[in-house]
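> okay, sequence plus prediction incoming.
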Amino acid sequence: MKNQRKLKYRSLLSVLDMVVAVAALRLCEAGKKVLMLEMGLNWGKSGIPYSSLLKPGKSAAWLKNKTIAPFMNIFPLTPFTGALDRLDFKNINVWVGRGVGGGSIVNGGMAVTPKKAYFKEVFPELDAEKFYNFYFPLANKELKANVIDEQFLNDCPIL
Ligand SMILES: Cc1cc2nc3c(=O)[nH]c(=O)nc-3n(C[C@H](O)[C@H](O)[C@H](O)COP(=O)(O)OP(=O)(O)OC[C@H]3O[C@@H](n4cnc5c(N)ncnc54)[C@H](O)[C@@H]3O)c2cc1C
């Protein structure tokens, strides 16, 4: 109890992902004091380099003794609070990012617009027309998403 500090914040945002980062930005812009809690590391400030796929390092996985990236190669690891975690359920495994930035720190950078028929089937309660005419174009514009050049795909040595 002796070392407890009293913190006074108007807003407490747990988890530091993309959505919460935007909420925090808006609250700060409105002059509110915000405290953000995140279970993983701040990789940008940690000084620890990001892992490469072929030579995985400390950031490769969250407290695992082997790599969990969804590829064929499995490498041994010393458990560390790395950037990628996998939650295993009975019928599904879910990969998630751990650290300031959440999934954005392990994200593949692809902006995929789902097939309309599939979207409608999965989200019957949503207004699909509004998503395809407004939200997806707006998101792609804001993200400055573009399409990979066919020539690049043809020339890419790993395909
Ligand atoms: C390997 C990988 C590749 C991907 N590639 C793409 C892609 O190319 N294109 C695409 O559109 N999407 C991609 N995604 C999906 C996308 O990144 C996620 O859907 C998105 O990041 C989810 O954002 P979020 O804000 O909902 O939550 P997250 O980004 O998952 O954030 C949750 C945050 O909460 C923290 N947290 C969790 N529990 C606690 C706790 N108890 N206390 C404190 N903090 C906690 C976590 O550490 C994390 O920082 C990818 C995901 C992964 C895992």
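Cool, got the structure. Numbers count the residues shown, from 1 in each chain.

> find the nearest non-adjacent residue to the residue most central in space within the chain, please.
What sits nearest the mean C-alpha location of the chain, by Cα atoms, centre = their mean, is Gly103, with 1.0 Å. In space, and not counting its chain neighbours, Gly103 is closest to Gly97: 4.0 Å by Cβ to Cβ, 6 or more residues apart in numbering. Just so you know, the C-beta spots here come from the backbone N, C-alpha and C atoms, and that holds for glycine as well.

> who's in contact with that neighbour?
Asp17, Gly40, Ala83, Leu84, Asp85, Gly103, Ser104, Ile105, Val106, Asn107 (Cβ atoms under 8 Å, 6 or more residues apart in numbering).

> circling back: check whether the residue nearest to the centre of the chain sits in a helix, strand or coil.
helix (DSSP: H, G, I helix; E, B strand; the rest coil).

> separation between it and the ligand?
2 Å (Cβ to the nearest ligand atom, to the nearest Å).

> wait, that residue touches Met18, no?
Yes - between Gly103 and Met18 there is a contact under Cβ atoms under 8 Å: 7.2 Å.

> ranges for the helices of this protein?
18-29, 43-46, 116-122, 128-130, 136-143, 150-155 (DSSP state H).
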